[in-house]
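S.K.: pasting the sequence and the predicted coordinates here, then a few questions.
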Amino acid sequence: MRFSTSTLFQAPTSDRPHFWFGLFALVAAGLTVGQDFLHATYHAYAFYLSESFLFSSFWGLFFPLLYLQTHLARKYQTRNGRHVGVMLALVLLHLALAPLVITVLSGMLLDHTYDYTTGLRYTLAEDVYKCLLVYGLAAWVHVCDRSIPAAAARTTEPQPVQRLAVGTGQKTRVIPVEDILFISTERPYLVLHTAGEKHLHASSLTQLAAQLDARQFVRVHKSTVVNLKKVVSYQSRRNGDYDLTLQNGAVVRMSRRYSGDFKARMG
């Protein structure tokens, strides 16, 4: 069964899952027939290929049912409990269908027919653990398969910029964002205000704000972003707006539209 299990592990991530499911069923059925032949040879009794193929049809049911499991796993990929429910439902469905297939095929291909009750007893005695193992492994792989991209997405989130390039004539300087007190617009540039200096930066305020650490830099006006660590105090202007005093003594106006977000972050 090692080969079929490894094939199953590839199924959820393959672009052609039906191919892997079909290969899994074919290999497992072939191994079952080979095992029957060796068992008959060892015990010195007749080997009937038709009957061996008949009972190996149990493995053929994995082809459509594993395909169905993959479809349902993608549909309910955010609900781990659904994976378990689908797995148990498919186990029961497989155990119910296997003896039915044996009954129908034996009536079509053999000179005698296996009744459903006999096939069900045989299936329950021989195949329950196989269904639990295969569908359980498939469910586990589906859960792992969707959690890995989620973890990768978290690790590849863009990190806030730590330094910015600013132009001074023919020179380009790099300043740490920690040194910025506030950022204002002076079209077509931005002005980065540091202690005693101003630097021009070619960008829009919205674009730059998206690159900065949102826990440290907050928009206080349609044309201004401030560094929360540099705010010393703020005072109401009685009309809903505020005056922010920064560490270098500069006073920046804050619009009432942004005051709620500012107070929440300062708090």
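M.R.: Perfect, thanks for sending it. Computed from a prediction, not measured in an experiment: that's the story for all the values here. Residues are numbered from 1 along each chain as shown.
S.K.: give me the number of residues near Met266?
M.R.: Residues near Met266, counting by other CB atoms under 10 Å, number 11. Glycine gets a C-beta too; all of them are placed from N, C-alpha and C.
S.K.: so it touches Leu228, yeah?
M.R.: Yes: assessed by CB atoms under 8 Å, Met266 is found in contact with Leu228 at 6.3 Å.
S.K.: Leu132 and Thr70, how far apart?
M.R.: 18 Å (CB to CB, to the nearest Å).
S.K.: pick out whichever of the two has more residues nearby.
M.R.: Neighbour totals were compared for Leu132 and Thr70, and Thr70 leads with 21 against 13 (other CB under 10 Å).
S.K.: from Val101, how far off is the more buried one?
M.R.: 21 Å.
S.K.: which neighbouring elements make contact with the lengthiest helix in the chain?
M.R.: Assignment by DSSP state H gives helix 80-109 as the longest helix of the chain. Where contact means 3 or more CB pairs under 8 Å, 6 or more residues apart in numbering; DSSP states H and E, helix 80-109 is packed against helix 49-60, helix 62-75, helix 116-126, helix 128-155.
S.K.: what average pLDDT does it get?
M.R.: For helix 80-109, the mean pLDDT works out to 86.
S.K.: mind listing what's buried in that helix?
M.R.: 83, 86-87, 90-91, 94-95, 97-99, 101-103, 105-106 (16 or more other CB atoms under 10 Å).
S.K.: returning to that earlier point: quick one: the helices and strands packed on helix 80-109 as JSON lines, columns for mean pLDDT and distance to Arg215 too.
M.R.: Shown next, in JSON lines, are the helices and strands packed on helix 80-109 (pLDDT from 0 to 100; distance: least, CB to CB, whole Å):
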{"stretch": "helix 49-60", "mean pLDDT": "71", "distance to Arg215": "56"}
{"stretch": "helix 62-75", "mean pLDDT": "81", "distance to Arg215": "36"}
{"stretch": "helix 116-126", "mean pLDDT": "87", "distance to Arg215": "59"}
{"stretch": "helix 128-155", "mean pLDDT": "72", "distance to Arg215": "17"}
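S.K.: can you list the domains in this protein?
M.R.: Residue ranges for each domain of the chain read 2-155, 163-266, as given by automatic domain parsing.
S.K.: against Arg253, how distant is Val226?
M.R.: For Val226, the distance to Arg253 equals 10 Å [CB to CB].
S.K.: now for these two: what residues contact both?
M.R.: 220, 244 (CB atoms under 8 Å, 6 or more residues apart in numbering).
S.K.: higher neighbour count, these two?
M.R.: A count of neighbours by other CB under 10 Å puts Val226 above the other of Val226 and Arg253, at 27 against 13.
S.K.: you'd agree that one is in a helix?
M.R.: No: assessed with DSSP: H, G, I helix; E, B strand; the rest coil, Val226 is strand; it does not lie in a helix.
S.K.: excluding its backbone neighbours, what's nearest it?
M.R.: Phe182 (4.4 Å; CB to CB, 6 or more residues apart in numbering).
S.K.: so that neighbour makes contact with Lys230?
M.R.: Yes: counting by CB under 8 Å, Phe182 touches Lys230, with 7.3 Å between them.
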